[in-house]
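no letters, just coordinates:
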């Protein structure tokens, strides 16, 4: 893995990270969409860094999933920011879909999608825009907090064997590299592509909604590119490889269900899908047992995830987390 010496950006506090905003000759034409939930400190850092981009943003849409931590008061007072607070938390998937829908009502040329813990370097947007003639979906390099690339954010996809593989580290030193899958951690998508592809899926809650959209774009002939010179720090990427997190019923259910639904929709081999389904079924219970987390409740939730995937049922499922 490649270690990088640059510090994690803190808006307004790191010397050398600030740059004088300059509008490109034809304007950036870009609106950012930031989805947030109860992380006002990170959101404030993210928004300030967006306001300081050298390629000036036309607008920033903050989609707030019914935060209860005082998020509205933490948002910078800037006429370019629109804060939309949803009535309840329907997950990041709904937030991105809603944000894209709102942004498409205006006359933007590009939409820049990210979570509230995405901290872009000052030139991140400008570097993406340098490649706008090459692809309608451009992805930044994502760095974890330890300074290494988080390779899970940019991947390739074998639609026969249903395998995902990381884009090699060497690709991050290139000007641009084709890829199949991206997360919504700093991806720039043209509004023309959105008009053809439609809105991101709303009922995945979180997990694999961005993967589904990447594959939808790929099916339409849009080959996404990794732009190594565009860099964002991802606070949620603690280290790479990430240590195993404790059992989270939300992640367990949605990761299992949504991944299998996506594989079913975009895979091209029924036998390989059957194999992946069997592997996922065994893995869902074996890993729980290995870590002492298998009980009646977790087993039932895993079974529901598998059954919903087989039936192709995507919906926001009420899940107790405690």
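That came in fine, so what should we check first? Model, not experiment: these values are computed from the prediction.

touching, residue 131 and residue 137? I think so.
No - using Cβ atoms under 8 Å, residue 131 is not in contact with residue 137; the gap is 10.4 Å. C-beta here means a position set from N, CA and C on the backbone, and glycine is covered the same way.

compare these two (neighbour count), which wins?
The residue with more neighbours, out of residue 131 and residue 137, is residue 137; 20 against 17, by other Cβ atoms under 10 Å.

distance of residue 281 from residue 86?
Noted for residue 281: a distance of 34 Å to residue 86, by Cβ to Cβ, to the nearest Å.

one more: residue 34?
Residue 34 is 13 Å from residue 86, by Cβ to Cβ.

one more: residue 243?
The value you get for residue 243 to residue 86, if Cβ to Cβ is used, is 32 Å.

quick one, which of those two is more surrounded?
Taking other Cβ under 10 Å, residue 243 and residue 86 do not tie; residue 86 has more neighbours (16 against 6).

now for that one: which residues touch it?
63, 64, 65, 66, 94, 95, 98 (Cβ atoms under 8 Å, 6 or more residues apart in numbering).

how about the helices in the protein?
Under the criterion DSSP state H, helices of the chain are mapped to 40-51, 71-74, 91-103, 124-129, 191-197, 209-219, 249-266, 270-290, 296-311.

show me the contact partners of the shortest one.
Looking back up the chat, that one is helix 71-74. So helix 71-74 is contacted by 36, 38, 40, 41, 43, 44, 64, 83, 85 (Cβ under 8 Å, 6+ apart).

these: which two are farthest apart?
Distance extremes for those: the farthest pair is 41 and 85 at 17.7 Å, using Cβ to Cβ.

and the nearest residue to residue 218 once chain neighbours are set aside, how far from residue 291?
Using Cβ to Cβ, 6 or more residues apart in numbering and skipping the chain neighbours, the partner closest in space to residue 218 is residue 180 (5.9 Å). To residue 291, residue 180 is 31 Å away according to Cβ to Cβ.

settle it for me: which of these two has more neighbours?
The residue with more neighbours, out of residue 180 and residue 291, is residue 180; 21 against 11, by other Cβ under 10 Å.

my read: the more buried one touches residue 217, true?
No - contact between residue 180 and residue 217 fails when scored by Cβ under 8 Å: they sit 9.6 Å apart.

list residues touching both of those two?
Common neighbours of residue 180 and residue 217 (Cβ under 8 Å, 6+ apart) are residue 224.

pLDDT wise, what is residue 10 at?
pLDDT recorded at residue 10 is 41.

cool, the one 5 residues further on as well?
Confidence at residue 15, expressed as pLDDT, is 26.

overlap of the contact sets of residue 34 and residue 86?
Common neighbours of residue 34 and residue 86 (Cβ under 8 Å, 6+ apart) are residue 63.

so where is the stretch 1-150 of the chain shaky, pLDDT-wise?
Low-confidence segments of the stretch 1-150 of the chain, defined by pLDDT under 70: 1-26.

hmm, try it at 80
Regions of the stretch 1-150 of the chain meeting the criterion pLDDT under 80 cover residues 1-27.
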